[in-house]
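Engineer: Okay, sequence plus prediction incoming.
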Amino acid sequence: MKKFTAFLLCSLLTLSMFSQDMGLVFQTKSATWFGLDYSEAYFVGTDGFTNPADIKDRFFNSWNMLVKNEYSKYDVGKYFRKENVGFSLENVTARNAEVDINERITNDESKSQHLDKDKVQEIINAYNFDAGQSGLGIVFIVECYSKTAVTGYYYVTLFDIESKQVLITERLKGQAGGFGIRNYWARSYYDVMKFINKTQYKYWVKKYDK
């Protein structure tokens, strides 16, 4: 009986802590956008990525800055139901700069599905935050841009900045398209954002907001 009571109390405590964590996702009105993390990304279809250095030295930054510079379109606050969104791109900028891009261009389609949730938590654990940063963090961990599938794959990740605990991470995909490399792949994460706004956020509320 004592063991059962202890188990029940532990379960209730765990459920209470989980509910509090999910409150950070659904109840708070502010969040910090940490950008697009390409540190583990692969680029499938060598015909579509003929200038690897340009992908790293130019487009990693360009894809990240597009969200900020054209925020009326890539409105993180609207898609994630937040009134105030701050930007903090230092972590992804530093990590993206360390990528050996020549090892990431491939024709191996299996690289489009090489991450998992444990790896996402490992990535978040490696982030360095400024003193005083807290609240909800949002980052898109880029898994793959596949030219052969015309698709971008992302782990959309929401986490507690202070504890670095991943609260929600979901693998979502978006169709690429448009003129020029920047716009072609930006279309894929725009598709993901629209899907979150229309469908995925409601699913999260139903699943997690108990």
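Structural biologist: Done, it's in. Residues are numbered from 1 along each chain as shown.

Engineer: Let me know how buried Phe87 is, in neighbour terms.
Structural biologist: Summarising burial for Phe87: neighbours were counted as other CB atoms under 10 Å, giving 15. (C-beta placed from N, C-alpha, C; glycine too.)

Engineer: can you start the count at 19 instead of 1 from here on
Structural biologist: New numbering, starting at 19: the last item is Phe105.

Engineer: tell me the secondary structure for the spatially most central residue of the chain?
Structural biologist: In the chain, the centroid-proximal residue (CA atoms, centre = their mean) is Phe158; its distance is 1.8 Å. What DSSP: H, G, I helix; E, B strand; the rest coil gives for Phe158 is strand.

Engineer: wait, isn't it in contact with Leu176?
Structural biologist: No. The criterion here is CB atoms under 8 Å, and Phe158 misses it with Leu176 at 10.7 Å.

Engineer: so where does Asn114 fall, helix or strand?
Structural biologist: Using DSSP states H and E, Asn114 falls within helix 108-115.

Engineer: Show me how far that helix is from its chain's centre.
Structural biologist: Its chain's average C-alpha position is 14 Å from that of helix 108-115, according to CA atoms, centre = their mean, to the nearest Å.

Engineer: Now do the following helix or strand past that helix: which elements does it pack against?
Structural biologist: Helices and strands here follow DSSP H and E; after helix 108-115, the next one along the chain is strand 123-124. Helices and strands touching strand 123-124, by 3 or more CB pairs under 8 Å, 6 or more residues apart in numbering; DSSP states H and E, are strand 60-62.

Engineer: Show residues contacting the strand it packs on.
Structural biologist: 67, 70, 73, 122-127, 129-130, 132, 161-167 (CB atoms under 8 Å, 6 or more residues apart in numbering).

Engineer: what separates that strand from the chain centre, distance-wise?
Structural biologist: 17 Å.

Engineer: coming back round to it: check the contacts of strand 60-62 for burial and list the buried ones.
Structural biologist: Among those, the ones that count as buried by 16 or more other CB atoms under 10 Å are 67, 70, 73, 122-124, 129-130, 161-165, 167.

Engineer: Now the two most distant members of those.
Structural biologist: Pro70 and Ala167 (19.2 Å; CB to CB).

Engineer: Report all helices and strands that the helix holding Asn114 contacts.
Structural biologist: strand 48-55, helix 78-87.

Engineer: I'd like these laid out as CSV, including distance to Val62.
Structural biologist: Formatted as CSV, the helices and strands packed on helix 108-115 follow (distance: least, CB to CB, whole Å):
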stretch, distance to Val62
strand 48-55, 17
helix 78-87, 17
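
Engineer: And the helix or strand containing Arg189, what's buried?
Structural biologist: Using DSSP H and E, Arg189 maps to strand 184-193. Of all the residues in strand 184-193, those buried under the rule 16+ other CB under 10 Å are 184-188, 190-192.
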